[in-house]
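Engineer: Build me a structure from this.
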Amino acid sequence: MVEIKLAIGSKQEKKVFKHVVSGADAEKLFGKKINEKFRGEIIGLNGYELEVTGGSDTSGFPMRKDIDGPGRKKVVVTRSLGFNSKIKGQRKRRSIRGNTISDQTAQINCKVVKAGKDTIAKLLGLEAKPVEEKKEEKPAAPVEEAKEEATEEPANEEKVEEAPKEDKKEEKSEEEKAE
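Structural biologist: All right, here's what the predicted structure looks like:
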């Protein structure tokens, strides 16, 4: 079973949404190329239009739009996608995936070209449901009074306990002086 991860970028919402497509829906994406647009109904985003901006294969090799086909090729590259050199003018041979989506594609990067009526989070089921607060059910005033009473009582008890302790210390010191 084929499974493709989608990273859908939305400028309107300023977020990237992650979604997994598998089975027949994933096969509908086969043959699409980088910079090609497709309807969002394929992946469950009704009313949206998306554009493929890149991706990677199952081994992690990036897709490049200037290499035709779905296969992996070894290409001499300079500082660009798939190779980031610190030395000026350095070239290296790297394996790069072609620009066409196939069964070897593991992840696709997309961007929203045309937005629909609903938000992407709502359509994908990522929107969080509001949680009801339990504080509203309990009355606030009795809780505050109980806290005040609780803080006052221990303070009085401590004062009562401390006074005899000080007296005992004074008595011991007087007895020690007498001896």
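Engineer: residue boundaries of the strands in the protein?
Structural biologist: 3-10, 15-22, 37-39, 49-57, 72-77, 92-97, 105-114 (DSSP state E).
Engineer: Please point out which parts of stretch 117-130 sit buried.
Structural biologist: For stretch 117-130, the neighbour count (16 or more other CB atoms under 10 Å) marks 119-120, 123-124 as buried. All C-beta atoms are positioned from the backbone trio N, CA, C, and that covers glycine.
Engineer: Report the mean per-residue pLDDT for that stretch.
Structural biologist: Averaging pLDDT along stretch 117-130 gives 77.
Engineer: List the neighbours of that stretch that are in contact with it.
Structural biologist: With contact meaning CB atoms under 8 Å, 6 or more residues apart in numbering, stretch 117-130 is reached by 8, 10, 13, 15, 17, 19, 44-48, 112, 116.
Engineer: Show me how the chain divides into domains.
Structural biologist: 3-124, 134-179 (automatic domain parsing).
Engineer: what are the phi and psi angles of residue 115?
Structural biologist: Main-chain dihedrals, residue 115, degrees, to the nearest 10: phi -90, psi 150.
Engineer: List the contacts of it.
Structural biologist: 10, 12, 47-48.
Engineer: before we move on, the earlier item: among the domains of the chain, which is the most enclosed?
Structural biologist: domain 3-124 (a mean of 16; mean count of other CB atoms under 10 Å).
Engineer: got TSV for the strands of the chain, with mean pLDDT and distance to residue 86 too?
Structural biologist: Shown next, in TSV, are the strands of the chain (pLDDT from 0 to 100; distance: least, CB to CB, whole Å):
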stretch	mean pLDDT	distance to residue 86
strand 3-10	92	28
strand 15-22	90	28
strand 37-39	92	36
strand 49-57	93	23
strand 72-77	90	15
strand 92-97	90	12
strand 105-114	93	25
